[in-house]
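Chemist: structure for this input, please:
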Amino acid sequence: MANFDGPGFAMVDGYWIQTKAIDVESSTDISPYLSRLLEDCVWNGNRAIVFDLYWDVTKSADAKSEWRLSSVKLSTKNLCLFLRLPNPFTDNLKDLYRFFASKFVTFVGVQIQEDLVLLKENHGIVIRSSLEIGKLAAKARGTPIVEFLGTRELAHKILWYDMSRLDSIQSKWDEAGGNDRLEAAAIEGWLIYSVYDQLQQ
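Modeler: Below you'll find the predicted structure:
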């Protein structure tokens, strides 16, 4: 079984998030970690996986922007996986393609529409079942403005959690060590998951 043996972090509601960061190379088998995420989301009952994508943008000779997926963050109620992807992509990323194509789970994110388009146009990756959490919140609360909020603002509106801990971590993101970045990733994933959970009730 894949071990999420990175640092663990306690959330304000008492949940403990275990993390794993992987620099994916051609020989790296990410499938056990993806399977562990699937098991955890089924165990938690709502079959939701929170995702966030990070992109590298380069200008080609004709001044056209080229987008390449550089990192993926995947979270469940108890786990957070951060994958730094190779350039160019390697065959082992087929596991990631299949993972995103699953109809078995719903991939939940904030402001994901552009990401979904970029995934398909630049890498041929299609997420079969996705949910924009802001749209769900706007409909559930009858407040259209929340559809356009970022993670922290949305979580504050729905959960009323103090966001200062996340602010302090993200303010030093550029110079922060790996553990600070993983903590920020774990908190953000947990916040979106908690918002989704709250809206499902």
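
Chemist: hang on, Ile17 packs against Glu188?
Modeler: No: the pair Ile17 / Glu188 is not scored as a contact, 10.5 Å apart, by Cβ atoms under 8 Å. In this view, the C-beta of every residue, glycine as well, is placed from N, C-alpha and C.

Chemist: quickly list what's touching both of the two.
Modeler: Taking Cβ atoms under 8 Å, 6 or more residues apart in numbering as the criterion, Ile17 and Glu188 both touch Ser75.

Chemist: SS state for the residue lying closest to Tyr97 once chain neighbours are set aside?
Modeler: Of all residues not flanking Tyr97 in the chain, Ile125 sits nearest, at 5.6 Å (Cβ to Cβ, 6 or more residues apart in numbering). When classified by DSSP: H, G, I helix; E, B strand; the rest coil, Ile125 comes out as coil.

Chemist: from Asn179, how far out is Ile125?
Modeler: 29 Å (Cβ to Cβ, to the nearest Å).

Chemist: just the C-alpha atoms of stretch 112-127, please, in PDB.
Modeler: The C-alpha coordinates for stretch 112-127 follow below in PDB (Å, rounded to 0.1, in the frame of the first residue of the first chain):
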ATOM      1  CA  ILE A 112     -11.800  25.200 -12.700                       C
ATOM      2  CA  GLN A 113     -13.400  26.000 -16.000                       C
ATOM      3  CA  GLU A 114     -10.200  27.300 -17.600                       C
ATOM      4  CA  ASP A 115      -8.200  24.400 -16.200                       C
ATOM      5  CA  LEU A 116     -10.600  21.900 -17.800                       C
ATOM      6  CA  VAL A 117     -10.200  23.600 -21.200                       C
ATOM      7  CA  LEU A 118      -6.400  23.800 -20.900                       C
ATOM      8  CA  LEU A 119      -6.200  20.100 -19.900                       C
ATOM      9  CA  LYS A 120      -8.100  19.000 -22.900                       C
ATOM     10  CA  GLU A 121      -6.500  21.400 -25.400                       C
ATOM     11  CA  ASN A 122      -2.900  20.900 -24.300                       C
ATOM     12  CA  HIS A 123      -2.700  17.300 -23.000                       C
ATOM     13  CA  GLY A 124      -5.800  15.600 -24.200                       C
ATOM     14  CA  ILE A 125      -6.900  15.000 -20.600                       C
ATOM     15  CA  VAL A 126     -10.700  14.900 -20.000                       C
ATOM     16  CA  ILE A 127     -12.100  15.000 -16.500                       C
END
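
Chemist: could you number the chain from 52 rather than 1 from now on?
Modeler: Taking 52 as the first residue, the last one we looked at is stretch 163-178.

Chemist: good, wrapping up.
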